[in-house]
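J.: Provided below for reference: sequence and predicted model.
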Amino acid sequence: MELDWLLAPPLPEAVPRQRLLYLRLREAILSGRLPADARLPASRSLAVTLGIARNTVLFAYEQLVAEGCLVADRQGTRVAALPAAPLAMPTGSGLEAPLALSVRAAAARQHEPARDAEALPFSPGVPDFGAFPFRAWRACLERAWRDAGWRQLGYAAHGGDPSLRAALAAHLTSVRGLAVDAAQILITSGTQAALDLCARLLADDGDTVWAENPGYLAARVAFRLAGLQVHDVAVDEEGLAPVANDWQRHRPRLIMVTPSHQYPTGRVMSLPRRLALIERARAAGAWIVEDDYDSEFRRAGPAPPALFGLHADAPVVYAGTFSKTLYPGLRLGYLVLPRAIADDFIHAAARATRAGQGIEQRALADFIARGHYTTHIRRMRARYNAHQAALRAALQQAFGPGLELSGGEAGLHLVMWLPDDLPDVAVAERAAQLGLGVRALSAYARPPVRCNGLVLGYGNLDEGAVEGAVARLKRAVEV
């Protein structure tokens, strides 16, 4: 058998001869170039033919025998009988079976705009990393590592580290007015993980979930991946605004809301709207998932009361995160559950996921208990208010009296509304070319809702760089 082609040029650089021989033999066997039962030359003979060491041939033969591609016996070495490779179907024949993700996974293609440019001016949802209390956090981490045992190196306890759950319950009671205890709290690996658990443990395949429109795109992805039917409900000046048709024809099992600072419009749900939503959800047998987005960074006065705390038996699950108050890479969030379902939900979650970050959970508990967390939030609230004031002044100076802004009551971003003849997607693309992280408001909306504006994050926007960033934004708008 002529096999001198096995090591014929071109030869890849930095690939050992024995590895190359093995790879080319395997490719020839799998492609059928070397058919089943074909006998290969003895190792010594092939080594002479190819001008290589016999050990090189022995390595390739032994590896292929171990993988089942070759059979070695007293009669020599021959190609094993392998299942025939599938025949290629002509393109467009209708008989192809291409590899593909599930229909649910295809929903994830419609994700939130990429976050690969978090350092760019105007990137929404990015905190001020330069103001992070590194020293206090490092001290908490060092104490957590010093006191760590084997439990902190394994999976986290059901519901999360007990010390973090207790510290968080005390914080939410004193700061947010939620009368909760540690047994109602489930620590998660961020908001997305919390939404995924709610979708899987509070609803069944095919159930309907309401999403705000415009709204948080990643929430839609989590719900669709869980097999739920997403129904978009419009948002008005008072928050989520369902009409009779929504309740009658799209009866929900879950209702996702961001009432304290609607994302991305920044609108705040009124108290009458909150009370009405709770009563209608209760009558429909629906759960409300309340993402208390940005409530910590209220511009003036206390945050509006949470839906969770308005009625003792309200069908509300409260979600929070440390991604904005501390830093996204921490990957810690939480759910606050009604007492009636807390125990069952937490045990089901423990079987659905395996929580970790035991050291970080201990450090965060220490950080909260020592008052660092409250102090940090208070400091950042003042800092973000100053960022927003500087941005508003620069925008007003650049765009004049026709400027329309909204969403500044809390949080880390403003919405700059644009006239209809100036498409926000095109402006956002031009802004990206100028090194800005602006996002188009219309990207968060689904038909028939139409909105045209720019989402301008100011959390990571240094006050000294505001005027230069706004000047670039004006260039993107006026091109």
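T.: Received, thanks. Residues are numbered from 1 along each chain as shown.
J.: could you list the domains of this structure?
T.: Following automatic domain parsing, the chain resolves into domains at 4-79, 132-371, 375-478.
J.: between the ones you listed, which one is nearest to residue 123?
T.: With C-beta to C-beta, the closest approach to residue 123 among the domains of the chain belongs to domain 375-478: 3.1 Å. Yep, even glycine has a C-beta here, placed from its N, CA and C like the rest.
J.: what segments of the stretch 151-300 of the chain are strands?
T.: 185-188, 208-213, 229-236, 239-240, 254-257, 287-291 (DSSP state E, counting those that start in this stretch).
J.: can you redo the ones you listed as JSON lines, where the extra columns are distance to residue 275, mean pLDDT and mean neighbour count?
T.: As requested, the strands of the stretch 151-300 of the chain are exported to JSON lines (distance: least, C-beta to C-beta, whole Å; pLDDT from 0 to 100; neighbours: other C-beta atoms under 10 Å):
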{"stretch": "strand 185-188", "distance to residue 275": "25", "mean pLDDT": "95", "mean neighbour count": "25"}
{"stretch": "strand 208-213", "distance to residue 275": "17", "mean pLDDT": "96", "mean neighbour count": "25"}
{"stretch": "strand 229-236", "distance to residue 275": "17", "mean pLDDT": "95", "mean neighbour count": "18"}
{"stretch": "strand 239-240", "distance to residue 275": "12", "mean pLDDT": "92", "mean neighbour count": "24"}
{"stretch": "strand 254-257", "distance to residue 275": "13", "mean pLDDT": "97", "mean neighbour count": "26"}
{"stretch": "strand 287-291", "distance to residue 275": "12", "mean pLDDT": "96", "mean neighbour count": "26"}
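J.: would you list those strands in CSV and tack on distance to residue 344?
T.: CSV is the format used below for the strands of the stretch 151-300 of the chain (distance: least, C-beta to C-beta, whole Å):
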stretch, distance to residue 344
strand 185-188, 11
strand 208-213, 20
strand 229-236, 25
strand 239-240, 28
strand 254-257, 17
strand 287-291, 14
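J.: who are the contact partners of residue 424?
T.: 418, 440-442, 452-454 (C-beta atoms under 8 Å, 6 or more residues apart in numbering).
J.: quick one: closest of the strands of the stretch 151-300 of the chain to residue 163.
T.: Across those, closest to residue 163 is strand 185-188 (C-beta to C-beta), at 10.8 Å.
J.: just the ones of the contacts of residue 424 in strands?
T.: Among those, the members falling in strands (DSSP state E) are 440, 453-454.
J.: contacts for the host helix or strand of residue 65?
T.: If you go by DSSP states H and E, residue 65 is part of helix 54-67. With C-beta under 8 Å, 6+ apart as the test, helix 54-67 has contacts from 17-18, 21-22, 25-26, 29, 40, 43-44, 46-47, 50, 70-72, 77.
J.: tell me which of the residues you listed fall in strands.
T.: Secondary structure from DSSP E places 40, 70-72, 77 of the contacts of helix 54-67 in strands.
J.: ok, now how distant is residue 125 from residue 402?
T.: Residue 125 sits 27 Å away from residue 402, taking C-beta to C-beta, to the nearest Å as the criterion.
J.: tell me which of these two has more neighbours.
T.: Regarding residue 125 and residue 402, a neighbour count based on other C-beta atoms under 10 Å identifies residue 125 as having more, with 23 against 6.
J.: give me the secondary structure label for residue 36.
T.: Three-state call for residue 36 (DSSP: H, G, I helix; E, B strand; the rest coil): coil.
J.: around the residue nearest to it when sequence neighbours are not counted, how many other residues sit close by?
T.: Excluding the flanking residues, the one nearest residue 36 by C-beta to C-beta, 6 or more residues apart in numbering is residue 81, at 4.2 Å. Using other C-beta under 10 Å, residue 81 has 10 other residues around it.
J.: sorry, back to before: where does the helix holding residue 65 sit relative to the chain's centre, distance-wise?
T.: With C-alpha atoms, centre = their mean, to the nearest Å as the basis, helix 54-67 stands 46 Å off its chain's centre.
J.: residue 36 versus residue 2, what's the distance?
T.: Taking C-beta to C-beta, one finds residue 2 at 18 Å from residue 36.
J.: higher neighbour count, those two?
T.: residue 36 (13 against 7).
J.: residue contacts, that one?
T.: Shown in contact with residue 36 (C-beta under 8 Å, 6+ apart): 79-82.
J.: in the stretch 251-400 of the chain, what spans have low per-residue confidence?
T.: 301 (pLDDT under 70).
J.: repeat the analysis, applying 50 as the threshold.
T.: Within the stretch 251-400 of the chain, no stretch has pLDDT under 50.
J.: which parts of it are helices?
T.: Per DSSP state H, counting those that start in this stretch, the stretch 251-400 of the chain carries helices over the ranges 271-284, 339-352, 358-369, 372-399.
J.: could you dump those helices to a markdown table with distance to residue 175 and mean neighbour count?
T.: Output for these, formatted as a markdown table (distance: least, C-beta to C-beta, whole Å; neighbours: other C-beta atoms under 10 Å):
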| stretch | distance to residue 175 | mean neighbour count |
| --- | --- | --- |
| helix 271-284 | 19 | 16 |
| helix 339-352 | 20 | 15 |
| helix 358-369 | 10 | 22 |
| helix 372-399 | 7 | 17 |
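J.: before we move on, back to that, nearest to residue 121, out of the domains of the chain?
T.: Nearest to residue 121, of the domains of the chain and by C-beta to C-beta, is domain 375-478 at 3.9 Å.
J.: how near is residue 456 to residue 469?
T.: Distance, residue 456 to residue 469, using C-beta to C-beta: 9 Å.
J.: looking at these two, which is more packed in?
T.: Just comparing residue 456 and residue 469: by other C-beta under 10 Å the higher neighbour count belongs to residue 456, 28 against 24.
J.: tell me if residue 83 really is in a helix.
T.: No - counting by three-state DSSP, residue 83 falls outside a helix, being coil.
J.: identify the contacts common to residue 456 and residue 469.
T.: Overlap of the contact sets of residue 456 and residue 469 (by C-beta under 8 Å, 6+ apart) consists of residue 122.
J.: between the ones in strands among the contacts of residue 424, which is closest to residue 225?
T.: For the ones in strands among the contacts of residue 424, the nearest to residue 225 is residue 440 (24.1 Å; C-beta to C-beta).
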